[in-house]
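Undergrad: All I have is the shape, not the residue letters:
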């Protein structure tokens, strides 16, 4: 279980690091765009991302990761 959590955290950090390294101005534009959404919409997006992430981790474990 801990191996999966570490793998997932490492992959998230790789993707986040790539975005900051390759397109830092994109982060600024994304933050401005996100600020335009009401807090409830941002919360819903976060919950959906969480559910999708859990499903992907479950699928990876089911496939033998």
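TA: Cool, the structure landed. It should be emphasised that the depicted structure is a prediction, and the values quoted were computed from it without experimental measurement.
Undergrad: biggest helix in the protein by residues?
TA: Longest helix of the chain, by residue count under DSSP state H: helix 39-62.
Undergrad: So what touches that one?
TA: 4, 8, 34, 37 (CB atoms under 8 Å, 6 or more residues apart in numbering). Quick note: C-beta positions are derived from backbone N, CA and C, even for glycine.
Undergrad: could you give the mean pLDDT of that helix?
TA: Mean pLDDT, computed over helix 39-62, is 92.
Undergrad: ok and whatever helix or strand residue 21 lives in relative to helix 39-62, angle-wise?
TA: Element membership for residue 21 (DSSP states H and E) is helix 2-22. Counting by axes from the mean of the first three to the mean of the last three CA atoms, to 10 degrees, helix 2-22 lies at 130 degrees to helix 39-62.
Undergrad: contacting residues around helix 2-22?
TA: The contact list for helix 2-22, computed with CB under 8 Å, 6+ apart, reads 26, 27, 53, 57, 60, 61, 65.
Undergrad: Throw those into a markdown table and include distance to residue 47 and neighbour count, thanks.
TA: Formatted as a markdown table, the contacts of helix 2-22 follow (distance: CB to CB, whole Å; neighbours: other CB atoms under 10 Å):
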| residue | distance to residue 47 | neighbour count |
| --- | --- | --- |
| 26 | 24 | 11 |
| 27 | 22 | 12 |
| 53 | 11 | 12 |
| 57 | 16 | 15 |
| 60 | 20 | 13 |
| 61 | 21 | 11 |
| 65 | 24 | 11 |
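Undergrad: can you redo these as TSV with distance to residue 45?
TA: Compiled in TSV, these are given as follows (distance: CB to CB, whole Å):
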residue	distance to residue 45
26	17
27	16
53	12
57	19
60	22
61	25
65	26
